[in-house]
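Here is a sequence with its predicted model. Questions after.
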Amino acid sequence: MAGREALPEPWQLYFASVRAATFHNWPFTEGCACTPERMAAAGFVHCPSENSPDVAQCFYCLKELEGWEPDDDPLEEHKKHTAACGFLSLQKELPNLTVQEFLKLEKMRTRKALKREVSQKMTRVEEKAKIQRCSIKNLA
C-alpha cells in the first residue's frame, strides 16, 4: 500500500490496517470479541497509559473507552458510549467516498479535535489562574 505514508498522519488513521497496527501488547487476541482487527474496524486506536493498558480511542470522535472484557463487541460498545460519531454513521466504505465526502468528514473530525484541544488548554489556564489568584490573595 505504497503512498499511505505520504498522507498526513491523521488521514492515515482512516485505514483500518493503520489503526490495527497501534494495538501493541493488546491483552485481547484470539478467541476474544475485541481483537485488534475488530477494534480497528470499529474506529479505535490503542492508546495505553501506565495505569490503563487497555484504553482505546476512536480516531474520529475521540471517545476513549477502557475496562474492556474479552467478550465485548467493539462496534456495539462504541455505539453504546457515543452520542454521535461521524465514522459510525458512514453509509459507505471509506475507499468508496468521493473527495468531497471525505473532506467534509475530515472537516468535522478536525473541528472536534480542535474543540477538545482548546477545551483542555482552557482548563489548564483556568487551573493556573486559580492558583495565581490564591497566591495573590495570600500576599494581601
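Perfect, I can see it now.

helices or strands next to the helix or strand Ser119 falls within in the packing?
Assignment of secondary structure by DSSP states H and E places Ser119 within helix 99-139. Where contact means 3 or more CB pairs under 8 Å, 6 or more residues apart in numbering; DSSP states H and E, helix 99-139 is packed against helix 9-12. Where you see a C-beta, it was placed from the backbone N, CA and C, and this is true even at glycine.

so how far is the helix it packs on from its chain's centroid?
Centroid separation for helix 9-12 versus its chain: 12 Å, with CA atoms, centre = their mean, to the nearest Å.

now swap in stretch 6-22 and tell me
Centre to centre, stretch against its chain (CA atoms, centre = their mean), the figure for stretch 6-22 is 12 Å.

First-to-last residue distance for that stretch?
18 Å (CA to CA, to the nearest Å).

can you tell me the average pLDDT over that stretch?
In this model, stretch 6-22 carries a mean pLDDT of 87.

Could you do stretch 126-140 as well?
For stretch 126-140, the per-residue pLDDT averages 86.
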